[in-house]
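In: quick one, structure for this:
(one chain, ligands or ions: 1)
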Amino acid sequence: MSPMKTSSATGADPSFKGKLTIHVDRPGATIHRNIYGQFAEHLGRCVYEGIWVGEDSSIPNVRGIRSDVVAALKRLNVPVLRWPGGCFADEYHWREGIGPRNQRPRRINTHWGGVIETNHFGTHEFFDLCEQIGAEAYICGNVGSGTPREMMEWVEYITSDSDSTLANLRRENGREKPWKLAYFGVGNESWGCGGNMRPEYYADNFRRYRTFVKNYSGNDVYAIACGSNGEDYNWTEALMSVAGAKMNGLSLHWYTLPTDVWAAKGSATDFREEQWHSTLRQTLRMEELIAGHSRIMDKHDPQKLVGMIVDEWGTWYDAEAGENPGFLYQQNTLRDAIVAGINLNIFHQHCDRVAMTNIAQMVNVLQAMILTDKGKMIVTPTFEVFEMYKAHQGARLIPADVSATAYKLGDQAIPSLSASASLDAAGKIHVSIVNLDPNQSADVSMRIKGCKGRNVTGRVLTADAMDARNTFEQPSAVKAENFSGFEMVDEGMSLHLPGKSVVVLEIQ
Ligand code: AHR
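Out: The predicted model follows:
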């Protein structure tokens, strides 16, 4: 047992009180490990530089994939990786990304900066990356500008162990055995960049294209339909009623902007408490969106056979000065770490329906885990949260009731605490708690029902400033540390959580 170090006890900082009860005696659904999924698009410096540097690069690499990034990602136990987009997916033609690299066509990446896409990172390179980091593959197919035949042949090329021409082409290109293709998306944002379709039209297209996504050689593809943009509940209703029986998963996209205005989202690093509060307010809407779409899915699918796949989420700020605005590069601060912790807690609470999520994106784009500058690499505060939370992967959700005074700014109020808990196969309990208030620490009385565990350890992520971040000059400015702000009491613990912090406790 560690002595509790509280500055509030000495009156040194303002604090508020909260209560948390976890019901270890009532374990619920499993938190699917895919809730910790990632997304890598051919966008800006995500794939090229962030992952792929080529075999001849002076940056250490294995078959062209940079080793520092792979080593960092392995620390996260990345369960699944979505690729190649995003909007890019509906312009991508897989045959252009196989065979000798110097013969692959050069295309214009029309969505993202108009730069040349060399196609040097294609199907073989993607599966090599998945194998290097230990992730399952989630490929998003091209509905917008591709054909059902193209989609069908891609799946055959990847997964068939037969003597077919396509399977043999894969062998000629260096891969004898088929890969496992676990997840396949039938189009991306078909309501927007993926074809500007109406829901009924896309629902019929989903039925058509999905028919040709086949299972070869024992591979069993989980087919994901393009879902709604934020609160477009009409899309979910149309998809579930017309095509619900033909899908395994239905996606949902929701990005966190500090404002509602796309043209003036706000800076990733230059913000005040007003933007801190509004960003957290916006991100908390994930709860209402998941609940709203779940209600519609429940109506059509009461057995919860169709998974909700939140395959794009995260913060989206104004492009950084000096960067190509089409590259969506942004820095990542403690604010992003708080956003990550809140969303992961929400996903846990809905794990009976949410089967996968994919934060956008893995390297150098939007709310990234990793930032690179040519040969240099740093991990972000968001990475730290994913590492702290990874113990929840595959564990059973434990009900967690949390209450505290609201965090108010002006006439706006949001919860000051967010929490979730789980029980893993080894009997260890993990509790993750976020203190959203940047100014006040939280004195939380935690009751543990149905467990006598008394060995407690913890990790905490916090910093003095809301905009604290890791840079190439100071790569460890925001880093998880051991947490000692707890004391065992009857039936539970007293916790002292610093302001603007994420804490994960392990109890056994
Ligand atoms: O993640 C960046 C973009 O956001 C994706 O390409 C698109 O699907 C979404 O609009």
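
In: can you measure across stretch 353-371, start residue to end residue?
Out: Terminal residues of stretch 353-371 lie 32 Å apart, using Cα to Cα, to the nearest Å.

In: anything in it near the ligand?
Out: Yes. Residues of stretch 353-371 contacting the ligand under Cβ under 6 Å from any ligand atom: 360-361, 366. C-beta coordinates here come from the backbone N, C-alpha and C atoms, glycine included.

In: tell me which strands and helices the helix or strand of the chain with the lowest mean pLDDT is in contact with?
Out: The weakest-scoring helix or strand in the chain, judged by mean pLDDT, DSSP states H and E, is strand 486-489 (a mean of 94). Packing partners of strand 486-489 (3 or more Cβ pairs under 8 Å, 6 or more residues apart in numbering; DSSP states H and E): strand 456-461, strand 492-497.

In: ok so, going back, separate out the buried members of the residues of stretch 353-371 next to the ligand.
Out: 360-361, 366 (16 or more other Cβ atoms under 10 Å).

In: so which of the residues you listed belong to strands?
Out: Using DSSP state E, the members of those that fall in strands are residue 360.

In: now the least confident helix or strand of the chain, how far from the centre of its chain.
Out: How far strand 486-489 lies from its chain's middle: 33 Å, per Cα atoms, centre = their mean, to the nearest Å.

In: partner strands of it, parallel or antiparallel?
Out: strand 492-497 (antiparallel) (DSSP bridges).

In: so what touches the helix or strand just after the partner strand?
Out: Counting by DSSP states H and E, the element after strand 492-497 in chain order, helix or strand, is strand 501-507. Applying Cβ atoms under 8 Å, 6 or more residues apart in numbering, the contact partners of strand 501-507 are 337-338, 340-341, 385, 388-389, 391, 428-435, 448, 451, 453-462, 483, 485-486, 495, 497.

In: please redo it, this time with the cut-off set to 6 Å
Out: Outside of strand 501-507, the residues within contact range by Cβ atoms under 6 Å, 6 or more residues apart in numbering are 337, 341, 385, 388, 428-435, 453, 456-462, 483, 497.

In: who's residue 422 bridged to?
Out: Going by DSSP bridges, residue 422 forms beta bridges with residue 397, residue 430.

In: who touches it in this structure?
Out: Counted by Cβ under 6 Å, 6+ apart, residue 422 has contacts 31, 392, 395, 397-398, 430.

In: name the nearest residue to the residue nearest to the spatial centre of the chain, sequence neighbours excluded.
Out: In the chain, the C-alpha nearest the mean C-alpha coordinate belongs to residue 359, at 2.3 Å (Cα atoms, centre = their mean). Setting aside the residues directly before and after it, residue 359 is nearest to residue 314 in space (Cβ to Cβ, 6 or more residues apart in numbering), at 4.9 Å.

In: let's see the pLDDT reported for the one you found.
Out: Looking at residue 314, its pLDDT is 98.

In: looking at this, it is in a strand?
Out: Yes. Counting by DSSP: H, G, I helix; E, B strand; the rest coil, residue 314 is part of a strand.

In: great, nothing more from me.
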